[in-house]
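> give me coordinates for this.
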Amino acid sequence: MLEYKKDYIERMTEEMVYFLGKLMGMVNAGNNEEALSYMQQRSNDVYPIDYTALNGMSTDGILTLIKENNFNKKVVEMIADLQLLEAQLMEKSTGNVQRKPLERARGLFMYLEVASGEYSFERQFKIEEINLKLL
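Got it, this is the predicted structure:
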């Protein structure tokens, strides 16, 4: 049973990496609308949490799910990165700061700083970037 769960988590991680890579390719090419559409359409294929439900949850609710399902830190980091990317894409599309996904991303990055036991300059930079947006 443990081996099955490990294989499942590894496959899920690989799918999320592919998804993020394709998404970042669209963003880097300046196709922000296409990237946002792709994210919204394909997220349920790679998110370990239902994307629609995720967007309706608080950070505490997401953290509870993460703990209940024993998601590894790579998966949590990818969820946080996707929340941050979604906020950035929506802001480019609408011109408005997207508070909810930014707050969820910040909460997940802060959780990782504590739970992983590892300090990350990249994570700290993202947290500061989000804090500035939310002022």
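> pull stretch 11-28 out as CSV, backbone CA atoms only.
Extracted in CSV, the C-alpha atoms of stretch 11-28 (Å, rounded to 0.1, in the frame of the first residue of the first chain):
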residue,chain,number,x,y,z
ARG,A,11,3.2,10.4,-11.0
MET,A,12,1.2,13.3,-9.7
THR,A,13,4.4,15.3,-9.2
GLU,A,14,5.5,14.5,-12.8
GLU,A,15,2.2,15.6,-14.2
MET,A,16,2.3,18.8,-12.3
VAL,A,17,5.8,19.5,-13.5
TYR,A,18,4.8,19.0,-17.1
PHE,A,19,1.7,21.2,-16.6
LEU,A,20,3.8,23.9,-15.0
GLY,A,21,6.3,23.7,-17.8
LYS,A,22,3.7,24.1,-20.5
LEU,A,23,2.0,26.9,-18.6
MET,A,24,5.3,28.8,-18.1
GLY,A,25,6.1,28.4,-21.8
MET,A,26,2.8,30.1,-22.7
VAL,A,27,3.5,32.9,-20.1
ASN,A,28,7.1,33.4,-21.4
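> how near is Thr13 to Thr59?
22 Å (CB to CB, to the nearest Å). (Glycine included, C-beta is placed from N, CA and C.)
> cool, and Ile130?
With CB to CB as the criterion, Ile130 and Thr59 are 12 Å apart.
> please enumerate the shared neighbours of the two.
Arg106 (CB atoms under 8 Å, 6 or more residues apart in numbering).
> between these two, which one's more packed in?
Ile130 (22 against 18; other CB atoms under 10 Å).
> okay, the more buried one and Leu102: tell me how far apart.
On the measure of CB to CB, Ile130 and Leu102 end up 5 Å apart.
> what's the overlap in contacts for these two?
Leu84.
> look through this protein and tell me its longest helix.
Across the chain, the longest stretch assigned as helix under DSSP state H is helix 2-28.
> show me the helices in this protein, by range?
Assigned by DSSP H, the helices in the chain fall at 2-28, 32-46, 51-55, 59-68, 73-94, 99-115, 121-133.
> would you turn these into CSV with mean pLDDT?
Shown next, in CSV, are the helices of the chain (pLDDT from 0 to 100):
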stretch, mean pLDDT
helix 2-28, 77
helix 32-46, 81
helix 51-55, 78
helix 59-68, 89
helix 73-94, 86
helix 99-115, 94
helix 121-133, 96
